[in-house]
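> compute the structure for the input listed below.
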Amino acid sequence: MASSLTCAGIVWAFLSFLCAAASCVGFFMPYWLLGSQLEKSVSFSTFRRCSYPVRDESRQMTVMVEQCGRYASFQAIPSAEWRICTVVTGLGCGLLLLVALTALMGCCVSELISRTVGRVAGGIQFLGGKCSCSEGMGM
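Alright, predicted model coming up:
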């Protein structure tokens, strides 16, 4: 299999894949914020949560659900800021993954990535990285 990438391009492809994978794992794991509530350990992120309170109408009290899972709906995410963060971070992860997989395919297929395609991919990767990192900085 011939490659259209130089040695630097091959290193870029593998590092891009590692960074995209780490970004996606970080997005899907519910361990952004850790704490306790009702004497139970809780954690959550924009996309998932673990050990969360739910109102039990039959007993008229709040109980802790001790499991991890996604929010029931997009509207169930606690605030508009968290919803925006979820969309922006998910978009960034998607862009990073798209570029990384294209770059890895460029390692195996000749003439897939030209200089112009590489520059465009770098720009898309920059935008994806900016989206993935900006949620903590207030954009």
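> now do the helix or strand containing Cys24: which elements does it pack against?
Cys24 is part of helix 7-28, with elements assigned from DSSP states H and E. Under the contact definition 3 or more Cβ pairs under 8 Å, 6 or more residues apart in numbering; DSSP states H and E, helix 7-28 sits against helix 80-108, helix 115-134. C-beta here means a position set from N, CA and C on the backbone, and glycine is covered the same way.
> which element follows that helix toward the C-terminus?
Toward the C-terminus, helix 7-28 is succeeded by strand 33-37 as the next helix or strand (DSSP H and E).
> Ser110 and Leu5 touch, don't they?
No: counting by Cβ atoms under 8 Å, Ser110 sits too far from Leu5 to count as a contact (9.5 Å).
> neighbour-wise, which of these two wins?
Per other Cβ atoms under 10 Å, whichever of Ser110 and Leu5 has more neighbours is Leu5, with 20 against 11.
> am I right that that one is in a strand?
No: assessed by DSSP: H, G, I helix; E, B strand; the rest coil, Leu5 does not belong to a strand; its assignment is coil.
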